[in-house]
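Fold the stuff below for me.
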Amino acid sequence: MDKKNKLLTIGQFASLHGINKKTLMWYDEIDLFKPAVVNSENGYRYYNYHQSSVLETILLLRELGVSINEIQEFMKNRSAQAFKEILDEKISELDNNITHLNAIRKTLCNYHKNMTTLINMDLSEISIIEKDERYLITIDIDREISFDKETEIVTNETKKYNLQRLHDAVYGTMIPTESLYSGEFDNYSKLFIEMPFPVNRTDLHIQPQGKYLRAFYKGDWNKISSRYKEILTYAKEHNIDFSGFSYEMGINENVVDNIDDYIIQIEIPIRG
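This is a model prediction of the structure:
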């Protein structure tokens, strides 16, 4: 006998497809997927090889979250067009989920990197690091902008770029290096948001690849000027020139309650 025409018991067929035989019994009861043969004497269900592709289609649709009612309707009117429409919808959903999961992964990696830095850091250290290019959404601000207004702007931007939660992205502030050289250490000109997923826009700010001076500051944000003075002294002693912006970002807000324990990471691109 051709193996493809051989009948399989419900247990064999369930095992072949990695499911419980109770699932096949339920599918039979709701007229979604019936056995090829039912023994009239003992009621045993038997399936054949040709039914495998049909069952796999049902199992795939279930895995994609298609409801039983929708699958039943599809099975009654199976066609290439109907199947394509379901697949189009589910592929789009999967793409969105993948994008979101990648964003979550990037956020977790950022948190992990920050925690590793915290565990191993020397707050007094000033170091030179290499950074990859980053694309940032930037928002112009000035000294007069209120905290409430900043919050409103950030909230609007996160909605614009379909971020599901505030901490789906990395946030920070930027100071022109010209302001540092002129002693205007509170001249914050931009807020930045680093997106955790690609955004196809031409108006994004490019944080350049290359060498950066990195330092940390702990304590009252209003006294960060003292740290910048130390950075400028270090730069002068080591013949370092800065370009672009100083990028500030909090790295321990997840694990502290007191503002005096807040640690700011400062990264400034080195010219040439």
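
which residues of the stretch 101-250 of the chain fall in helices?
Using DSSP state H, counting those that start in this stretch, the helices of the stretch 101-250 of the chain run over residues 147-160, 177-181, 225-237.

Packed most tightly, which of these would that be?
Compared across those, helix 177-181 shows the largest average neighbour count, a mean of 16 (mean count of other Cβ atoms under 10 Å). For glycine as for every other residue, the C-beta is placed from the backbone atoms N, C-alpha and C.

which ones are touching Ile268?
Counting by Cβ atoms under 8 Å, 6 or more residues apart in numbering, Ile268 touches 177, 180, 212-213, 231, 242, 244-247.

Just the pLDDT for it.
On pLDDT, Ile268 comes in at 98.

circling back to that earlier point, identify, from the contacts of Ile268, the entry nearest to Ile266.
Nearest to Ile266 among the contacts of Ile268: Ser246, at 6.0 Å, using Cβ to Cβ.

List the contacts of that closest one.
Ser246 neighbours (Cβ under 8 Å, 6+ apart): 174-177, 180, 228, 266-268.

go on, Thr23?
Contacts of Thr23 by Cβ under 8 Å, 6+ apart are Ala14.

Go ahead and flag the most central residue of this structure.
Centroid-nearest residue in the chain, with Cα atoms, centre = their mean: Ala103, separated by 0.8 Å.

Can you name every helix or strand that the biggest strand by length in the chain contacts?
Longest strand of the chain, by residue count under DSSP state E: strand 210-218. For strand 210-218, the elements it packs on are strand 127-131, helix 225-237, strand 263-269, judged by 3 or more Cβ pairs under 8 Å, 6 or more residues apart in numbering; DSSP states H and E.

just to revisit the earlier point, so can I have JSON lines of the helices of the stretch 101-250 of the chain showing distance to Val66 and mean pLDDT?
Output for the helices of the stretch 101-250 of the chain, formatted as JSON lines (distance: least, Cβ to Cβ, whole Å; pLDDT from 0 to 100):
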{"stretch": "helix 147-160", "distance to Val66": "30", "mean pLDDT": "74"}
{"stretch": "helix 177-181", "distance to Val66": "55", "mean pLDDT": "97"}
{"stretch": "helix 225-237", "distance to Val66": "57", "mean pLDDT": "97"}
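
Would you mind giving these as JSON lines with distance to Thr57 added?
What follows is these, written out as JSON lines (distance: least, Cβ to Cβ, whole Å):
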{"stretch": "helix 147-160", "distance to Thr57": "39"}
{"stretch": "helix 177-181", "distance to Thr57": "61"}
{"stretch": "helix 225-237", "distance to Thr57": "63"}
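
for those helices, which one sits closest to Ile10?
Closest among the helices of the stretch 101-250 of the chain, once you apply Cβ to Cβ, is helix 147-160, at 51.8 Å.

All set now, cheers.
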